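Asker: Structure of the sequence below:
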Amino acid sequence: MKKVITFVLTFVLLVSFVIPFASADESNQRKWRKKFISITRDEIMDAYLAFLSVLDDYDDSYLSSLSYDRLVELKEQINLSIWNSKKWKSIEVPAGVYIVGRDIPAGHWTLKAPVGEYVSIEYFQSVDETGKRPADVFTNYYSEVLADESSAFASSFYVREIDLEMKEGFYLTVINGRTVIFEPFISKPAFSFFD
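Answerer: Here you go, the predicted model:
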């Protein structure tokens, strides 16, 4: 079955190139040649993988042929696509250091502590030489301890949740806890003023 699909897909790709190429004048043929050559093997294989993923008999032979770096790149693309889909209610983000715009999309988020737990977060613009800690805690730095109300650490010193506008290129660290919960920010109702 896969051989037939591969043949059909290859045939469609070639026909979509040959017909416009054959009917084009010489200068347009050069443009088509460049366009076709610019399609990389990875792009063709990604399109092929997407096509095969809808079939029942799909196996992971293509994925197992990819390098580790390519698999990580695909995983990051998939994670960001899921984040950007907004078809989820919450995401648990484990402890670690994250770059906004690469690991977590920029935007306005609500961050919460998991049920029965507490977590510390830091949001800052630049990292020190370790790559894990803020370089400057006096400018563009925000820190908070979030504690669920059923946590042993719940008190008036800690908050349950925060709304945070995260900018691309900034960093977020999740520490002193297992995870932090991200939810899409839902703005609060605006005040209405009357005469």
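
Asker: C-alpha only now, for contacts and for neighbours.
Answerer: Noted.

Asker: could you pull out the strands for this protein?
Answerer: With DSSP state E as the criterion, the chain has strands at 91-99, 107-112, 118-124, 141-147, 161-166, 171-184.

Asker: Can you list the buried residues in the first one?
Answerer: Put plainly, it is strand 91-99. By neighbour count with 16 or more other C-alpha atoms under 10 Å, strand 91-99 contains the buried residues 95, 97, 98, 99.

Asker: got the contact list for the last one?
Answerer: When you say that, I think you mean residue 99. Under the criterion of C-alpha atoms under 8 Å, 6 or more residues apart in numbering, the neighbours of residue 99 are 168, 169, 170, 171, 172.

Asker: Recalculate using a threshold of 6 Å.
Answerer: Going by C-alpha atoms under 6 Å, 6 or more residues apart in numbering, residue 99 touches residue 171.

Asker: low-scoring stretches of the chain, by residue?
Answerer: Within the chain, the set of residues satisfying pLDDT under 70 comprises 1-60, 153-154, 156-157, 188-193, 195.

Asker: between the buried residues of strand 91-99, which is nearest residue 159?
Answerer: Nearest to residue 159, judged by C-alpha to C-alpha, of the buried residues of strand 91-99 is residue 95 at 18.5 Å.

Asker: Am I right that that closest one is in contact with residue 174?
Answerer: Yes - taking contact to mean C-alpha atoms under 6 Å, the distance of 4.5 Å between residue 95 and residue 174 places them in contact.

Asker: if we can go back for a sec, out of the strands of the chain, flag the one nearest residue 63.
Answerer: Go through those one by one with C-alpha to C-alpha and the one that ends up closest to residue 63 is strand 91-99, at 25.4 Å.

Asker: burial of the nearest residue to residue 150 once chain neighbours are set aside, as a residue count?
Answerer: Among residues not flanking residue 150 along the chain, residue 116 sits closest, at 4.8 Å (C-alpha to C-alpha, 6 or more residues apart in numbering). Under the neighbour criterion other C-alpha atoms under 10 Å, residue 116 is assigned a count of 13.

Asker: How much space separates residue 116 from residue 177?
Answerer: Residue 116 is 11 Å from residue 177, where distance means C-alpha to C-alpha, to the nearest Å.

Asker: Also residue 194?
Answerer: In this view, residue 194 and residue 177 are 46 Å apart by C-alpha to C-alpha.

Asker: Neighbour count: the two, which is higher?
Answerer: Between residue 194 and residue 177, counting by other C-alpha under 10 Å, residue 177 is the more crowded of the two (18 against 4).
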